[in-house]
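Undergrad: Here is my input; please provide its structure:
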Amino acid sequence: MPPSRLSPRRQASSAGATAGTRSSVADACPQAALRRESGRPASGWLSWLLVGWVLFLTMMLVGRAAGLDFKLADTLYHLQGDAWSLHHAFLTEQVLHGGGRMLSQSMGVAAILALIASWLRPAWRDWRRPLGYLVLAVAASTLGVSILKQLISMDCPWDLSRYGGARAYIGLLATRPADYPDTACFPAGHASAGYAWIALYFFCNAIRPRWRWAGLCLALALGLAFGIAQQLRGAHFLSHDLWTLMLCATLSLLLARWLLPSSVSLAASPSSSISLEEDSHA
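TA: Okay, the predicted model is just below:
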């Protein structure tokens, strides 16, 4: 007998039922969707990252040619009476420098404790990977900046004769005189205590996407506050902070692409985390 033919209306109904079945299966088995998502090529985001670095380096070259570092530092220095009067001020040294470091360290300890709790409490197991990423990204950003500070010798503004110090300015790529002491003023270490938390954007995107911009704003606000405080004290030029910002953002992005390809996809559906928990208890 010839195969029966469905009417267009029945075909549409059948297709809708099939799509609904596939959708329900995907909701019930988010792991399969995660595997498909993590298999997508990474060429797109990598291209954007390379473009970002090209634009950043171009901006640094233009700023160097225009002398933006010195123009801003000159203004801050003159506003303080041709001295770094805020070097030991309570707000800049005690609150924003010392207190800011303690705040960032406390946030790090809280993240580590939450990661440990995610291993002790089965109900928190879906948070392990995002929390592990957050701890690793913040540590990598601060440690990376610290290592570069030890490898690259550049003077702080307060070290320069232009601002009451004893040494002439030596550029980043210039040969440093042998009798000059090693210094650790580049990139900006204290600003990394704030900008390292750019990882909050990716962490929040993995667990609660609607919080990701708040996490990014918090990190940028901390980095700006710490960076401006150090510039007012004569500890860093503007470019030192910008390099720290770019390095922290790059490390956070690279680690997110490595550790969070599945978690970011999972968080795209508000009910997916609930479905995952229900499946685990079934």
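
Undergrad: The most centrally placed residue in the chain: what's it in contact with?
TA: A centroid search over the chain (CA atoms, centre = their mean) returns Ile198, at 2.7 Å, as the residue closest to the centre. Applying CB atoms under 8 Å, 6 or more residues apart in numbering, we find Ile198 in contact with Ser141, Leu216, Ala219, Leu220, Gly223, Cys248, Ala249, Ser252. From N, CA and C alone the C-beta is placed, and that goes for glycine too.

Undergrad: Skipping adjacent residues, who's closest to the second one in space?
TA: Distance criterion CB to CB, 6 or more residues apart in numbering; nearest residue to Leu216, sequence neighbours excluded, is Tyr201 at 4.1 Å.

Undergrad: host element of the one you found?
TA: Using DSSP states H and E, Tyr201 sits in helix 199-207.

Undergrad: Restricting to C-alpha, output that helix in CSV.
TA: C-alpha atoms of helix 199-207 as CSV (Å, rounded to 0.1, in the frame of the first residue of the first chain):
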residue,chain,number,x,y,z
ALA,A,199,36.3,38.0,37.1
LEU,A,200,33.0,38.7,39.0
TYR,A,201,31.4,39.5,35.6
PHE,A,202,32.1,35.9,34.3
PHE,A,203,31.3,34.4,37.7
CYS,A,204,27.9,36.1,37.9
ASN,A,205,27.2,35.3,34.2
ALA,A,206,27.7,31.6,35.1
ILE,A,207,25.4,31.6,38.2
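
Undergrad: Identify the residues contacting it?
TA: By CB under 8 Å, 6+ apart, helix 199-207 touches 127, 129-131, 133-134, 137-138, 141, 211-216, 218-219, 252-253, 255-256, 260, 263-264, 266-267, 273.

Undergrad: Give me the mean pLDDT for the helix or strand following it.
TA: Using DSSP H and E, the helix or strand that follows helix 199-207 in sequence is helix 212-233. Mean per-residue pLDDT for helix 212-233: 98.

Undergrad: Packing partners of the helix or strand containing Arg129?
TA: Here Arg129 sits within helix 128-151, counting by DSSP H and E. Helices and strands touching helix 128-151, by 3 or more CB pairs under 8 Å, 6 or more residues apart in numbering; DSSP states H and E, are helix 100-120, helix 189-195, helix 199-207, helix 238-259, helix 261-266.
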